[in-house]
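Asker: Need the 3D shape of this:
(chains A and B)
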Amino acid sequence: MNGASPPILAVRGVTMRFGGFTALSNVTASFPQGQLTAIIGPNGAGKSTLFNVLSGALPPTDGEVLFNGRSIAGMRQHHFARLGISKSFQITNIFPDLTALENVRIAIQAMTTRFNIWTPRSRLTEMEDRAAELLSDVGLAAHMRRIASELAHGEQRALEIAMAVACKPKVLLLDEPTAGMSPEETVEIMQVILRLAERCTVILVEHKMKLVMDISNHILVLHHGEFLAEGTPDEIRANSEVRRVYLGEGRR
Amino acid sequence: MRVTSTKSSPNLFNRLAEIIGRYRVLAVLVVLLIFPFVLPYQALAANILIYGLFALGFNLVFGYAGVLSFGHAAFFGIGAYGTGIAIVHFAAPWYLAIPLGVVAAGVTAMIMGALAIRTRGIYFAMVTLALAQCVYYIVYQLDGWSGGEDGLTGVTVRQVDLGLMHFSLFNPTAKYFFILAFVAVAIYVFSRILASPFGAVLEAIRENEDRARACGFDVRLTKWIAFVISGLFCGLAGALYAIHLSVVPIEVLHYHMSGQVVMMALLGGMGTFFGPFIGATVFLLLEDVVTTLTSHWQLVLGLVFMACVLFFPRGIWGSILRWIRP
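Answerer: Numbers count the residues shown, from 1 in each chain, chains lettered A, B, ... in the order given. Predicted structure coming up:
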């Protein structure tokens, strides 16, 4: 059902409760290696909660998160990042007062030298070169020396993706990467994401249905915190349950 | 007047600021070298050195990592007592006593940090304050070692022999330069730490803790290391203070001390390299001048401090930086 490739990331019976409210209830799903998986569902379906469980930001109330078959639920978030599970945020989340280059360099540094208190940063040219390369990849070559908070919204989102990629991710988690973007910016960032998907597994939460159908290989549908369906875009399109709760609302 | 001249020749000021920024260690040292000859008396100059170092160390957690600690008196005080006890009770030479004080402060910071670092914001300030008060009372009770309420007397280092160089610390100028030698090394090390990748991580945590965590940094561990490094610098300041005064008053551990260093850092400009030294200078000079005029010097100082926080929230040096680099 999941296609040929084994899952790199999987959840088994994950439940997430906040007080009396159950955001996810007994969700089991897997994310095949090397594919672009989209998590969709109507508002309040638990997409962001699942995203946070996958990225380690929220330890699930119950159930397991498996990375390459190994249970990682309950580990602290920076360990998730070091395993190669890298995320971008729904709200733009960068280091506002640092330059674009410094933003990316910090992210690279997390994978290499965390506690070097002696070498001047200026001598770490390798890191700087790689940061510059990553910024060019997302189309920010001209803005490297600018303060991040002064970049346009779309540019900040692109910067975030560069930062997520800087961690050399095996799995890249993107929470609504096109939120608040103009149609032109959306097209650009989608091309960036497709290029990233050639290098690593990408999991994204996205509202824009058409976009999801166009770019993903694998789709997971949630509804009211419960697993509804998973499969290829065609399978999802053909699934009558999904059409009833989600697609039926507008687009066909 | 300064403002108008800035407008007429912004390039010159920018250039100057850039040069000072690049050679910041050298800039501080040049000022500190001529310092004792400008001030009314050398003991005040030495005091400014010591408090400047104290504020510098404090600024690492406050200004760079963005964590407000209200317990830094503990590190200053333990540094002073560690050095003092080594000299008084064990007749240790100064070159052993000072590192001992620094290490003792570092160990105190490790323990306090480990207990406090899980909390954030105002809770962190409260927990560090409470722990520092514990240190105060423990030292106070151990009067066999610490001298209790009377403080530890007899911390005298008369003669310093450095192979070819001999000088007496009873000479205030010699003492000033003796202290300056330590402060100079400390400033250099501090500058290296700020410029290092670790310094970059601290800035990142101050800017956006969540993001730093998502990048894969252990925020808690990083903060703890910064806290311990900060404790070491403050401990050195305390150790030098003991030698400077030749007594260790129990007040070095009092929470007044923790409050003063916050004021100095804010006054000078938190998160700036020169800020802590400027803050300490202004604070101590004001104290020195105003005490001769009125016994209510703290009132005057309080008003100056309030004016500063209200009108120059970036502190003195932070505001100057703003003027020349708008």
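Asker: Can you give the contact residues for stretch B:146-153?
Answerer: For stretch B:146-153, contacts defined as CB atoms under 8 Å, 6 or more residues apart in numbering or on different chains pick out B:81, B:84-85, B:88, B:139-143, B:242, B:246-251. All C-beta spots, glycine's among them, are computed from the backbone N, C-alpha and C.
Asker: any idea how far A:R157 lies from chain B?
Answerer: Counting by CB to the nearest CB, to the nearest Å, the gap between A:R157 and chain B amounts to 14 Å.
Asker: Surely that residue touches A:L174?
Answerer: No. A:R157 lies out of contact with A:L174 (CB atoms under 8 Å); the separation is 9.7 Å.
Asker: shared neighbours, these two?
Answerer: Common contact partners of A:R157 and A:L174 (CB under 8 Å, 6+ apart): A:S88.
Asker: So which of the contacts of stretch B:146-153 sits lowest on pLDDT?
Answerer: Ranked by pLDDT, those bottom out at B:D143 (90).
Asker: Torsion angles phi and psi at the residue nearest the centre of chain A?
Answerer: When CA atoms, centre = their mean is applied to chain A, the residue found nearest the centroid is A:L173 (1.6 Å). Phi and psi for A:L173, reported as degrees, to the nearest 10, are phi -100, psi 120.
Asker: residues in contact with it?
Answerer: A:51, A:54-55, A:85-88, A:164, A:203-204.
Asker: Now that we have the contacts of stretch B:146-153, which of them are buried?
Answerer: B:81, B:84-85, B:88, B:139, B:242, B:246-250 (16 or more other CB atoms under 10 Å in any protein chain shown).
Asker: Which positions in chain A make contact with chain B?
Answerer: Within reach of chain B by CB under 8 Å from any CB of the partner chain, chain A has these residues: A:55, A:57, A:76-78, A:81-82, A:86-87, A:89, A:93-98, A:102, A:105-107, A:109-111, A:113-122, A:124, A:163, A:166-167.
Asker: Mind doing that once more with 7 Å?
Answerer: Within reach of chain B by CB under 7 Å from any CB of the partner chain, chain A has these residues: A:77-78, A:81-82, A:87, A:93-98, A:106-107, A:109-111, A:113-121, A:124, A:163, A:167.
Asker: Can you turn the buried part of those residues into a ChimeraX selection?
Answerer: Here is the ChimeraX command that selects the buried residues among the residues of chain A next to chain B (16+ other CB under 10 Å):
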select /A:77,78,81,82,87,93,94,95,96,98,106,107,109,110,111,113,114,116,117,121,124,163,167
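Asker: measure the residue in the stretch 101-250 of chain A that chain B sits nearest to to A:C167 for me?
Answerer: Of all residues in the stretch 101-250 of chain A, A:A110 sits closest to chain B, at 3.8 Å by CB to the nearest CB. Plainly put, A:A110 is 6 Å away from A:C167 if you go by CB to CB, to the nearest Å.
Asker: and what of B:A92?
Answerer: B:A92 sits 49 Å away from A:C167, taking CB to CB as the criterion.
Asker: How about the residue nearest to the centre of chain A: which residues does it bridge to?
Answerer: Assessed by DSSP bridges, A:L173 has beta-bridge partners A:K87, A:I203.
Asker: So the residue in chain A that chain B sits nearest to, which state does it fall into?
Answerer: Here the residue of chain A nearest chain B is A:A81; by CB to the nearest CB that distance is 3.3 Å. Classification of A:A81 by DSSP: H, G, I helix; E, B strand; the rest coil places it in helix.
Asker: How many residues are close by B:A91?
Answerer: A count of neighbours around B:A91, defined by other CB atoms under 10 Å in any protein chain shown, yields 8.
Asker: name the element A:V221 belongs to?
Answerer: Taking DSSP states H and E as the definition, A:V221 sits inside strand A:218-223.
Asker: Paired strands for that strand, with orientation please.
Answerer: Strand pairing for strand A:218-223, using DSSP bridges, gives strand A:36-40 (parallel), strand A:226-231 (antiparallel).
Asker: which of those strands is buried the deepest?
Answerer: Comparing those by mean neighbour count (mean count of other CB atoms under 10 Å in any protein chain shown), strand A:36-40 ranks first with a mean of 25.
Asker: List the contacts of it.
Answerer: Applying CB atoms under 7 Å, 6 or more residues apart in numbering or on different chains, the contact partners of strand A:36-40 are A:31, A:47, A:50-51, A:197, A:202-206, A:212, A:215-222.
Asker: Where do the helices of chain A begin and end?
Answerer: Taking DSSP state H, the helices of chain A run over residues A:47-55, A:77-83, A:100-109, A:125-137, A:153-166, A:183-199, A:209-215, A:233-238, A:240-245.
Asker: May I see the buried residues of the helix or strand encompassing B:I138?
Answerer: For B:I138, the host element (DSSP H and E) is helix B:121-141. For helix B:121-141, the neighbour count (16+ other CB under 10 Å) marks B:124-125, B:127-129, B:131-133, B:135-136, B:139 as buried.
Asker: Redo these as TSV? Include distance to chain A.
Answerer: What follows is these, written out as TSV (distance: CB to the nearest CB, whole Å):
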residue	distance to chain A
B:F124	19
B:A125	23
B:V127	21
B:T128	22
B:L129	27
B:L131	24
B:A132	25
B:Q133	30
B:V135	26
B:Y136	30
B:V139	30
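Asker: out of the residues you listed, which one sits closest to A:N26?
Answerer: For the buried residues of helix B:121-141, the minimum distance to A:N26 (CB to CB) is 38.5 Å, reached by B:F124.
Asker: Quick check, that closest one in contact with B:A116.
Answerer: Yes. If you go by CB atoms under 7 Å, B:F124 and B:A116 touch, sitting 5.8 Å apart.
Asker: Pick out the residue in the stretch 101-250 of chain B sitting closest to chain A.
Answerer: Counting by CB to the nearest CB, the stretch 101-250 of chain B gets nearest chain A through B:G216, at 3.3 Å.
Asker: So what's the predicted local confidence for that residue?
Answerer: Model confidence at B:G216, given as pLDDT, is 87.
Asker: Quick check: chain neighbours aside, which residue is closest to it?
Answerer: Spatially, and ignoring its direct neighbours in sequence, B:G216 is nearest to A:A81 (3.3 Å; CB to CB, 6 or more residues apart in numbering or on different chains).
Asker: Which of the buried ones among the contacts of stretch B:146-153 fall in helices?
Answerer: Short answer: the buried ones among the contacts of stretch B:146-153 in helices (DSSP H) are B:81, B:84-85, B:88, B:139, B:242.
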